[in-house]
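> Let me see the structure of the following:
(one chain, ligands or ions: 1)
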Amino acid sequence: MERDQILGLYDWVLGVCFRHPGEKTDTTVIKTLRPQFDPEKQIRACRPCILVMEAARRAAAEGAGIPYVPGRAGDAL
Ligand SMILES: [Zn+2]
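Below is the predicted model of the structure:
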């Protein structure tokens, strides 16, 4: 699957990437934290980070012998 196809699986809005907190860029939500006593918090990632995470998920899925399903960067596999 091509990079653009993978990135097209996500919705992008201006925000702050969890790995690049100093700058605003296009980001997508990869996880929503719901602490018991605090407001909900969204974890966002930018395009380069999503591609890194997807590559890691792909390698992990191949290593585990299970199908790689892109578009769920917040999941382990
Ligand atoms: Zn990033």
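
> touching the ion at all, stretch 50-66?
No. Judged by C-beta under 5 Å from the ion, stretch 50-66 stays clear of the ion, getting no closer than 7.9 Å. (C-beta placed from N, C-alpha, C; glycine too.)

> Please identify the buried residues of stretch 41-48?
By 16 or more other C-beta atoms under 10 Å, the buried positions in stretch 41-48 come out as 44, 45, 46, 47.

> Report the entries of those residues that also contact the ion.
Applying C-beta under 5 Å from the ion to those, those adjacent to the ion are residue 46.

> okay, the buried residues of stretch 41-48 in TSV with secondary structure next?
Formatted as TSV, the buried residues of stretch 41-48 follow (DSSP: H, G, I helix; E, B strand; the rest coil):
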residue	secondary structure
44	strand
45	strand
46	strand
47	helix
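
> Determine which two of the buried residues of stretch 41-48 are furthest apart.
Within the buried residues of stretch 41-48, 44 and 47 form the most distant pair, 11.3 Å apart (C-beta to C-beta).

> what about residue 42, distance to residue 11?
12 Å (C-beta to C-beta, to the nearest Å).

> Overlap in contacts, those two.
Common contacts of residue 42 and residue 11 (C-beta atoms under 8 Å, 6 or more residues apart in numbering): residue 29.

> near the ion, which residues of the chain?
Within reach of the ion by C-beta under 5 Å from the ion, the chain has these residues: 17, 19, 20, 46, 49.

> in this protein, which segments are predicted with low confidence?
76-77 (pLDDT under 70).

> at 80 instead, please
1, 76-77 (pLDDT under 80).

> Please enumerate the strands of it.
With DSSP state E as the criterion, the chain has strands at 13-17, 20-33, 41-46.

> Residue 3: what's it in contact with?
residue 51.

> Please report phi then psi for the residue located most distally from the centre of the chain.
Centroid-distance maximum for the chain: residue 37 at 25.3 Å, with C-alpha atoms, centre = their mean. Backbone torsions of residue 37, given as degrees, to the nearest 10, read phi -120, psi 0.
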